[in-house]
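J.: After the sequence you'll find the predicted model.
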Amino acid sequence: MLVVNGPVDDAGHEESGHPERPDRLSAALAGVADLHLGDDLVEVEVRSATRAQLARVHETSYLDELGAFCYEGGGDIDQDTYATFDSWRIAQSAAGAGLAVIDELRRRGDGVGFVAARPPGHHATRDRAMGFCLLNNVAVAAAELTASGERVLIVDWDVHHGNGTQSIFWNDPHVLYVSTHQWPLFPGSGGAREIGGFDALGRTINIPLPAGATGDVIERAYEEIAAPVVADFSPTWTLVSAGFDAHREDPMADLALSSGDFAALARSVARTPASPGRLALFLEGGYDLAALRESVTATLAATLGVERHDEERTSGGPGADEVQRCASERAIALRIAHESLQ
Ligand SMILES: [Zn+2]
């Protein structure tokens, strides 16, 4: 069973020529429709995230500033990131969409969640919009869960490092953040030595990969570096920052994944939760509409165990050496941090 949020009217969050555009959400929803789930598709009504829910991960001064900026008509926040008059309302709905999907999964104790909303969130920090992101949707959901005692794994396979999510949970031992991303690339953070703050050492895992890296490299990296830590952490929930801009057709970056690779990653991740109904995927990036649509279908089919002939998985790209180096840099950083604590 797939639980998806009902429609979020995102038409007002658009800037002419900007790649983060309403067509993306249409493509992702077309990818859901392509699954032909019938009664196995549940749509839940979206309410805006409340100020209290947003304030778990954002400074209230930032929420006030962003709201006022939009109310005054919006504009460019930085070189990449825009907001319009409608963006505050739409961003609150996008954050609320994640909460609605989580609520429904909890009520049912079954199913897989997909949060089809925009703007995306993983670059938004406590006090700053950046990288097309205004409010950190996945972080708002994770904080809602940890507030009721859950241990949350966040897997971020968007091609960009989720600097916002990492910084929000940097010192929080109840969240394990795992990111695979192209490096060097925007936003520039996400080195292997970034392992979490002193209260959460090891709870941040970064796996930077070179341009051209293929699915086999990313999957091996996940299995070798992340999987043992995930097993030790023993999450009670898994949230995925599911960007699809690591696809080889994507115009924003140069990793070389196929939709079949996302399906394989999704299968690995779906094996993690302790019990059913505790996995939700959040749309982040993905800017080639056809690749986005196909990747959403392949990924969700994999999490649902639906048989499907996926696009071939990819292999043979560079990155194996970087993964080894990443593992040893991480080990050194952990050792130094532990020694300095003694
Ligand atoms: Zn991205």
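T.: Now that the structure is in, tell me what you want to look at.

J.: the helices in the stretch 1-150 of the chain, which residues?
T.: Using DSSP state H, counting those that start in this stretch, the helices of the stretch 1-150 of the chain run over residues 22-33, 51-55, 60-71, 87-108, 137-146.

J.: Give me the residues contacting the shortest one.
T.: Contact with helix 51-55 is made by 60, 63, 92, 95, 99, 135, 140, 143-144, as judged by CB atoms under 8 Å, 6 or more residues apart in numbering. To be clear about C-beta, it is placed using only N, CA and C from the backbone, and glycine gets the same treatment.

J.: Residues of the stretch 1-150 of the chain that sit close to the ion?
T.: Within the stretch 1-150 of the chain, not a single residue sits near the ion (CB under 5 Å from the ion).

J.: go on, the stretch 151-300 of the chain?
T.: Counting by CB under 5 Å from the ion, the residues of the stretch 151-300 of the chain lying close to the ion are 158, 160, 243, 245, 285.

J.: Check the spacing between the fourth one and residue 26 real quick.
T.: The one in question is residue 245. Going from residue 245 to residue 26 by CB to CB, to the nearest Å gives 17 Å.

J.: residues in contact with residue 58?
T.: For residue 58, the contacting residues are 124, 126-127, 135-136, by CB under 8 Å, 6+ apart.

J.: before we move on, the earlier item: buried ones among the residues of the stretch 151-300 of the chain next to the ion?
T.: Buried members of these, scored by 16 or more other CB atoms under 10 Å, are 158, 160, 243, 245, 285.

J.: between those residues, which is nearest the ion?
T.: Checking these against the ion with CB to the ion, the nearest one is residue 285 at 2.8 Å.

J.: Do I have it right that that closest one meets residue 160?
T.: Yes. Using CB atoms under 8 Å, residue 285 is in contact with residue 160, at 6.5 Å.

J.: got any residues that touch both of these two?
T.: Residues within reach of residue 285 and of residue 160 at once, by CB under 8 Å, 6+ apart, are 243, 245.

J.: re earlier: tell me which of the helices of the stretch 1-150 of the chain sits most buried.
T.: Of all the helices of the stretch 1-150 of the chain, helix 137-146 carries the top mean neighbour count, a mean of 27, counting by mean count of other CB atoms under 10 Å.

J.: can you give me the angle that one makes with helix 87-108?
T.: Angle of helix 137-146 versus helix 87-108, following axes from the mean of the first three to the mean of the last three CA atoms, to 10 degrees, is 40 degrees.

J.: Show me the contact partners of helix 137-146.
T.: With contact meaning CB under 8 Å, 6+ apart, helix 137-146 is reached by 49, 53-54, 56-57, 94-95, 97-99, 101-102, 115, 117, 120-122, 124, 152, 154, 156, 162, 164-165, 168-169, 172, 174-175, 236-237, 239, 241, 280, 282, 284.

J.: The first helix or strand past it going along the chain packs against which elements?
T.: The helix or strand immediately downstream of helix 137-146 is strand 152-156, counting by DSSP states H and E. Using 3 or more CB pairs under 8 Å, 6 or more residues apart in numbering; DSSP states H and E, the elements in contact with strand 152-156 are helix 137-146, strand 175-182, strand 237-242.
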